[in-house]
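Peer 1: okay, here's the prediction I keep looking at, along with the sequence it came from:
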Amino acid sequence: MKQNIYKQRALFLLLPLGLLAIIAFAFDRRIPTGLNYNLQAILLTLSRNVLPGFFAIAVACLIPCINRFYQLVAIGFNYVLISSVCITFYPTLFPQPTPWVVASLSAALFLLPNSDAEAEVDTLKFGSLLRKALGIIITPSLMLLIFVVLVRNIEHSIVITFTSVFVDSMLACIYVPIYEVMLTLGFSPLLNNLASMQSESMTTNAILNSVILVNMISFPAVIFAKAAFEDGFSRLFLLFLALITCLTAKNGTCISLELAIILMFYPGTMLVLILSSIFVFFVCLYLQIPALTGFEQLYIPDIIFRNMALMNMHVNDFSAIFFAIAIPVVFQSVLSKISMLNYLRVKFKYRNQTAGFKLNQIDSPELLLIGLLKNLGGRSNLQSVMMIGEDLYVKVKDFSKISQHGLLVLGKRRVGFLRSKNEIRLSLKQDANIIELRIRNIIANELNYISDDNEVAKEFNISQYVHSLKEKTGDTE
């Protein structure tokens, strides 16, 4: 029940993204709205910074806590504090608010419920409350600092490798997944600045076009493919996320938060997207598609396409779109099938174990008997047992209830199936006598239980009871 509640709450994650997309379209500075230009820019900037805070609160509602009110207050307070400080003192350090969201959510770690009853009592002490309060205040700032250090190291690696020799080779394909990771973390301007300083070439155009195709085409496609292998609220959530992604792929803040959602909840799908971006790069390089925009207009903070770039599309452009859809869908389908097979393998592995041991690893006759009963369909499915030499012949009532796979764990030479007689031959050697005696006693007890007659209470006649009650009442009067 709780799982369904959390899955329903996950749909609220999409509400701030939808509102942000609507506001971004409504207050787009290239579209005349009748409002003052400066006021329009202020409202757009305000929505970009405020609505991700509501997204952080929606994510917090999915995290278990000891007190929901204090959790939401802590996360809201940290988001307001971090965003205010960054906007005031470091306005160019964080192009997207995703780091603020992740950093503020780290405060929820100190409000997680304890499974230990004694630990719950300790949380009421002053020292414990003080540690939690300090952790809620300090941890988000440390998390933001870790973000900055991590991104600065990635940027340093990019600066070292982003040379004409490296960029003009096939190794340039790594910049597309790097850009996706940087965009997920909320940092991407460095790669834009470095690439814009390079002379236009087929590889730089391929990097640029592959980023656009991955975010606008491959990203929604891989979410739709993932939804096809889910059910219930998970499928509904992914379908809505895919639709919102189609509408908001041009918006840098929205696409950053959407990539963060996939990274947090579906890391396998994020891996598929990263791998697909490399293949899409080679497709764009092979088809030699002209650049749809420039690096100086790529998610700073939104995509701005070149004039008539989408109106003059050719066969190669549509071919690139086709591969941008097909590649992630195929990868996601293969990954989902592998995950399903792995799940079934683990499920069969543990289902065929008794007390942590497989049947062929059990030395104790008692544990072996339990394992056999489980795979023979239970005690109610046993009909008779007979021993010939060292072989045990067990006759069952319904052959379809037995687990042949589980019994074959004993070894094909030790198990035989006689379908015509509903019998199973078990070669148990030294344990045969003990197992045969125990199974015989179980069958006898089961027969005695079935044959016992239970006493049935006499039928209660309510009309006769009411009549007698009235007679007694008349006598007393």
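Peer 2: Arrived safely, thanks for sending. Numbering: from 1, shown residues only.

Peer 1: the helix or strand in which Ser84 is found - contacts with which helices or strands?
Peer 2: Using DSSP states H and E, Ser84 maps to helix 68-89. Contacts defined by 3 or more CB pairs under 8 Å, 6 or more residues apart in numbering; DSSP states H and E place helix 68-89 against helix 37-60, helix 98-105, helix 126-161. Glycine gets a C-beta too; all of them are placed from N, C-alpha and C.

Peer 1: just these: most buried one?
Peer 2: Greatest average neighbour count among the helices and strands packed on helix 68-89 goes to helix 98-105 (a mean of 25), per mean count of other CB atoms under 10 Å.

Peer 1: sorry, back to before: how about the helices and strands packed on helix 68-89, which one is nearest Leu407?
Peer 2: Proximity to Leu407, assessed across those by CB to CB, is greatest for helix 37-60 (47.8 Å).

Peer 1: number of residues surrounding Glu436?
Peer 2: Look at Glu436: counted by other CB atoms under 10 Å, it has 18 neighbours.

Peer 1: now swap in Phe187 and tell me
Peer 2: Using other CB under 10 Å, Phe187 has 24 neighbouring residues.

Peer 1: sec struct for Pro113, please.
Peer 2: Under the three-state scheme (DSSP: H, G, I helix; E, B strand; the rest coil), Pro113 adopts coil.

Peer 1: okay if I get the helices and strands packed on helix 68-89 as CSV plus distance to Tyr286 and mean pLDDT?
Peer 2: As requested, the helices and strands packed on helix 68-89 are exported to CSV (distance: least, CB to CB, whole Å; pLDDT from 0 to 100):
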stretch, distance to Tyr286, mean pLDDT
helix 37-60, 37, 83
helix 98-105, 33, 88
helix 126-161, 23, 82
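
Peer 1: so for Pro16, which of the ones you listed sits nearest?
Peer 2: Pro16 lies closest to helix 37-60 among the helices and strands packed on helix 68-89, at 4.1 Å (CB to CB).

Peer 1: so what touches that closest one?
Peer 2: Helix 37-60 is contacted from outside by 9, 12-13, 15-17, 19-20, 23-24, 27-29, 33, 35, 71-72, 75-76, 79-80, 83, 87, 97-98, 100-101, 104-105, 108, 253, 257, 264, 301, using CB atoms under 8 Å, 6 or more residues apart in numbering.

Peer 1: could I have the buried ones of those as PyMOL selection syntax?
Peer 2: Remark: buried members of those, expressed as a PyMOL selection using 16 or more other CB atoms under 10 Å:
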select buried, resi 13+16+17+20+23+24+27+71+72+75+76+79+83+97+98+100+101+104+105+108+253+257+301
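
Peer 1: re earlier: now the helices and strands packed on helix 68-89 in JSON lines, with distance to Ser169?
Peer 2: Shown next, in JSON lines, are the helices and strands packed on helix 68-89 (distance: least, CB to CB, whole Å):
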{"stretch": "helix 37-60", "distance to Ser169": "37"}
{"stretch": "helix 98-105", "distance to Ser169": "31"}
{"stretch": "helix 126-161", "distance to Ser169": "11"}
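
Peer 1: out of those helices, which comes closest to Val280?
Peer 2: helix 126-161 (19.8 Å).

Peer 1: got the angle for the closest one vs helix 98-105?
Peer 2: Orientation check (axes from the mean of the first three to the mean of the last three CA atoms, to 10 degrees): helix 126-161 against helix 98-105 gives 160 degrees.

Peer 1: angle of helix 126-161 against helix 68-89?
Peer 2: Orientation note: helix 126-161 sits at an angle of 40 degrees relative to helix 68-89 (the same axes, to 10 degrees).

Peer 1: check the offset of helix 126-161 from the chain's centre.
Peer 2: A distance of 25 Å separates the centroid of the chain from that of helix 126-161, by CA atoms, centre = their mean, to the nearest Å.

Peer 1: now Met387: phi and psi?
Peer 2: Main-chain torsions, Met387, degrees, to the nearest 10: phi -120, psi 130.

Peer 1: got the CA coordinates for stretch 62-79 in CSV?
Peer 2: Output in CSV follows, covering the C-alpha atoms of stretch 62-79 (Å, rounded to 0.1, in the frame of the first residue of the first chain):
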residue,chain,number,x,y,z
LEU,A,62,8.9,10.5,-1.8
ILE,A,63,11.4,10.2,1.0
PRO,A,64,10.3,8.5,4.3
CYS,A,65,10.8,10.7,7.3
ILE,A,66,10.0,11.0,11.0
ASN,A,67,8.1,14.3,10.5
ARG,A,68,6.9,15.5,7.1
PHE,A,69,6.4,19.1,8.2
TYR,A,70,10.0,19.5,9.5
GLN,A,71,11.3,17.7,6.4
LEU,A,72,9.6,20.1,4.0
VAL,A,73,10.6,23.2,6.1
ALA,A,74,14.2,22.0,6.2
ILE,A,75,14.4,21.4,2.4
GLY,A,76,12.6,24.6,1.6
PHE,A,77,14.8,26.7,3.9
ASN,A,78,18.0,25.2,2.4
TYR,A,79,16.8,25.8,-1.1
